[in-house]
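S.K.: what's the 3D shape of this:
(2 chains)
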Amino acid sequence: MPIERLLIANRGEIAVRIIRAAKAMGLHTIQAHSEADANMLAVRMADEAVCIGPAHAAQSYLNIDAVVAAAQSTKADAVHPGYGFMAENAQFARALETAGITFIGPSADTIDRMGDKVAARQAAMAAGVPVVPGSKGRLDTVEDAVNVAAEIGYPVMIKAAAGGGGRGIRIAQTEEELRKMAPQAQAEANAAFGDGGLYLERAIISPRHIEVQIMGDGTDAVHFFERECSMQRRRQKVWEEAGAACLEESTRAHLCDTAVALAKAVNYVGAGTLEYLYDSKTKEFFFIEMNTRIQVEHPVTEMLTGIDLVQEMIHVAGGGKLRQTQADITRTGHAIEVRVNAEDPFMQFLPFPGQVGALRVPQGDGIRFDHFLYEGYTIPPFYDSLLGKLIVHGKDRDTAIGMMASALEELEIGGIKTTKPLHLALARDPSVQADDFHTQWLEPWLTAGNLKPTP
Amino acid sequence: MAQVLSPVPGTFYTQAAPGEPLYKQPGDAVAQGDTIGLIEVMKTFIEVKAENAGTFNGYKVENGAAINAGEPLAELED
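M.R.: Residues are numbered from 1 along each chain as shown, chains lettered A, B, ... in the order given. Below you'll find the model as predicted:
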């Protein structure tokens, strides 16, 4: 059933982004908001607004009953969850389904299945998507471990089969090291968990994070190529690119084709992202997880392909068929996004909310700023620190980096400390310009004092 | 009488976690650098520390209250 009245169950820049897409499709927009967000830009832009509870997200944006009730009282026929909050909450998707309201995303069952790491890994393997090579089950003897390591290849990561998290993980570069470490790991696992069983997995040292954007309509699926998101601080992406310049064309084709195979295998509906670790030395990629939502960094893919992904996900959620064949989707040039956060990069990234003073937004061909700011707006302290995303699109990577530096110089957000100085320093860094970085690169770079206040 | 002011806007907590004791009780001695409370700002937690020594006189806001930058959080007697 085509969607006519859309409730946006999110806030900040993504709420603004969804309203723009919905208005372009001629939909009636209803913005849900907490008491602290009554003045936010998305509320001002929407056709109507509905308060869903107090400032704390647990009582508003994460409150299933409140959001479903708001959707019912405003006669919404669909809800867009954005990212974060309840975007990957299967219980929420089920509650909407029970109320006869469309959830803009995959089914609750698909969210459950792809949200479970073991089930997602099994689905990936069944669809022919490479996963990090590991032992099939628990290993009880050192000889078993040595035999399995010979199959999966060194270096190997030794984990406790019964353990979780990063506890007691060892990395063996050679068989000799494995023979020394395996008994230690067994003893430690036995002491910690009462179970000396081990699990082995190939260790990917200093990997890159590469992800593939897919879209499905329940029968068919297509990809919108890949993104490179290795620039991370505390596992939060800081700078994202489309495409991944480090990939050879044959690797790119294999990566994207297997992502589509997985999407088709699970009859995927909506926008999704498959995340991979990429070993630039061996040129191998390994699936790690799937995100069943629109992602923060989706604009780089939109700039690369010229397709509005938010409109497409609303279209397929309303029962529409994909409007693009794979052959229709092409990539042009190179796009980069940076996340401008309300944080002081010279004070350990301390959050710095406040009132927005003079605002100067860079403009021009190939420049886009997705944000929720206006002059005089007071940013509430209750939610995350993302203010906006500056995106540039140029004919190649070098051009895009140059455009990013000039756009950042033009960007001014008065009254608030932001991460703009970090992004400017990155755009001017020789390693970034040479595309020579990985997921473990940024934190040591910061520790080494590469980010200096400009006099 | 000295006031402890909030350095940032956010949510103020008088204890490290639910069920934990209050950071300070009225009459407690406070040394410079003692933690008085906790502020949650944009999903980050920051400890509020006393800039001066004194005797704790009480909190000015409730546990879990929304606060502005510069707002008095607690009072100390010299």
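S.K.: could you pull up phi and psi at the residue of the stretch 301-450 of chain A found nearest chain B?
M.R.: In the stretch 301-450 of chain A, the residue that lies nearest chain B is residue A:351 (3.6 Å; CB to the nearest CB). Where you see a C-beta, it was placed from the backbone N, CA and C, and this is true even at glycine. Dihedral angles of residue A:351 (phi, psi; degrees, to the nearest 10) stand at phi -60, psi 140.
S.K.: same question for residue A:446.
M.R.: phi -70, psi -40.
S.K.: residue A:408 now?
M.R.: The phi/psi pair for residue A:408 (degrees, to the nearest 10) reads phi -60, psi -40.
S.K.: now do residue B:24
M.R.: Dihedral angles (degrees, to the nearest 10) for residue B:24: phi -140, psi 150.
S.K.: go ahead and confirm it touches residue B:34.
M.R.: Yes. With contact defined as CB atoms under 8 Å, residue B:24 and residue B:34 form a contacting pair (7.5 Å).
S.K.: between the two, which one's more packed in?
M.R.: Ranked by neighbour count (other CB atoms under 10 Å in any protein chain shown), residue B:24 and residue B:34 place residue B:24 first, with 23 against 18.
S.K.: measure the more buried one to residue A:113 for me?
M.R.: 49 Å (CB to CB, to the nearest Å).
S.K.: returning to what we had before: ok, the spatially closest residue to the residue of the stretch 301-450 of chain A closest to chain B that is not a sequence neighbour - contacts?
M.R.: In this structure, residue A:351 finds its nearest non-sequential neighbour in residue B:42, 3.6 Å apart by CB to CB, 6 or more residues apart in numbering or on different chains. By CB atoms under 8 Å, 6 or more residues apart in numbering or on different chains, residue B:42 lies in contact with A:342-343, A:351, A:353, A:381-385, B:10.
S.K.: where does residue B:42 land on pLDDT?
M.R.: In this model, residue B:42 is scored at 92, pLDDT.
S.K.: count of residues packed around whatever residue of the stretch 1-150 of chain A ends up closest to chain B?
M.R.: Nearest to chain B in the stretch 1-150 of chain A, going by CB to the nearest CB, is residue A:55, at a distance of 6.4 Å. Neighbourhood size, residue A:55 [other CB under 10 Å]: 17.
S.K.: ranges for the strands of chain B?
M.R.: Applying DSSP state E to chain B gives strands spanning B:2-5, B:10-13, B:29-30, B:35-41, B:44-49, B:54-59, B:65-67, B:72-77.
S.K.: list the contacts of the lowest-mean-pLDDT helix or strand in chain B.
M.R.: Scoring the helices and strands of chain B by mean pLDDT, DSSP states H and E places strand B:65-67 at the bottom, with a mean of 88. With contacts defined as CB under 8 Å, 6+ apart, strand B:65-67 is touched by A:36, A:55, A:381-382, B:6, B:9-12, B:39, B:61, B:73.
S.K.: now residue A:198: closest residue in space that isn't a chain neighbour?
M.R.: The nearest residue in space to residue A:198 (CB to CB, 6+ apart) is residue A:139, at 4.7 Å.
S.K.: so what's the backbone phi/psi at the one you found?
M.R.: phi -120, psi 130.
S.K.: wait, it sits on residue A:201?
M.R.: No. Judged on CB under 8 Å, residue A:139 makes no contact with residue A:201 at a distance of 11.2 Å.
S.K.: who's more crowded, those two?
M.R.: residue A:139 (23 against 18).
S.K.: which ones are touching the more buried one?
M.R.: Residues counted as contacts of residue A:139 (CB under 8 Å, 6+ apart) are A:145, A:148, A:161, A:197-200.
S.K.: before we move on, the earlier item: residue A:33 is in contact with the residue of the stretch 1-150 of chain A closest to chain B, correct?
M.R.: No. Residue A:55 lies out of contact with residue A:33 (CB under 8 Å); the separation is 10.3 Å.
S.K.: overlap in contacts of those two?
M.R.: What both residue A:55 and residue A:33 touch, as defined by CB under 8 Å, 6+ apart, is an empty set.
S.K.: quick one on the thing from earlier: now, which of the contacts of residue A:139 sits nearest residue A:374?
M.R.: residue A:199 (51.8 Å; CB to CB).
S.K.: run a quick neighbour tally on that closest one.
M.R.: 21.
S.K.: what pLDDT does residue A:165 get?
M.R.: On pLDDT, residue A:165 comes in at 54.
S.K.: now intersect the contacts of residue A:139 with the strands, please.
M.R.: Judged by DSSP E, strands contain the following of the contacts of residue A:139: A:198-200.
S.K.: burial of residue A:291, as a residue count?
M.R.: 17.
S.K.: oh, I was asking about residue A:141
M.R.: Neighbour number of residue A:141 under other CB under 10 Å is 13.
S.K.: got the contact list for it?
M.R.: Counting by CB under 8 Å, 6+ apart, residue A:141 has no contacts.
S.K.: got the phi and psi for it?
M.R.: Main-chain torsions, residue A:141, degrees, to the nearest 10: phi -130, psi 160.
S.K.: for it, give me the pLDDT.
M.R.: Value for residue A:141, per-residue pLDDT: 92.
S.K.: distance of it from residue A:151?
M.R.: 16 Å.
S.K.: next: residue B:3.
M.R.: 66 Å.
S.K.: ok, residue A:11 next?
M.R.: 48 Å.
S.K.: of these two, which one has the most company?
M.R.: The residue with more neighbours, out of residue A:11 and residue A:151, is residue A:11; 29 against 10, by other CB under 10 Å.
S.K.: what residues does chain B have near chain A?
M.R.: B:8-11, B:40-44, B:46, B:66, B:69 (CB under 8 Å from any CB of the partner chain).
S.K.: report the two of the residues you listed separated the most.
M.R.: Pairwise over the residues of chain B next to chain A, using CB to CB, the maximum falls at B:43 and B:69, 17.2 Å.
S.K.: more neighbours: which of these two?
M.R.: The neighbour comparison of residue B:43 against residue B:69 (other CB under 10 Å) goes to residue B:69, with 16 against 13.
S.K.: the more buried one and residue B:39 touch, don't they?
M.R.: No. Between residue B:69 and residue B:39 there is no contact, the gap being 9.9 Å when judged by CB under 8 Å.
S.K.: identify the contacts common to the two.
M.R.: By CB under 8 Å, 6+ apart, the residues touching both residue B:69 and residue B:39 are B:6-8.
S.K.: could you dump these to TSV with pLDDT and neighbour count?
M.R.: Listed next are those as TSV, based on pLDDT from 0 to 100; neighbours: other CB atoms under 10 Å in any protein chain shown:
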residue	pLDDT	neighbour count
B:6	92	22
B:7	87	15
B:8	86	21
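S.K.: let's have those in JSON lines, adding distance to residue A:294.
M.R.: Output for these, formatted as JSON lines (distance: CB to CB, whole Å):
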{"residue": "B:6", "distance to residue A:294": "35"}
{"residue": "B:7", "distance to residue A:294": "35"}
{"residue": "B:8", "distance to residue A:294": "31"}
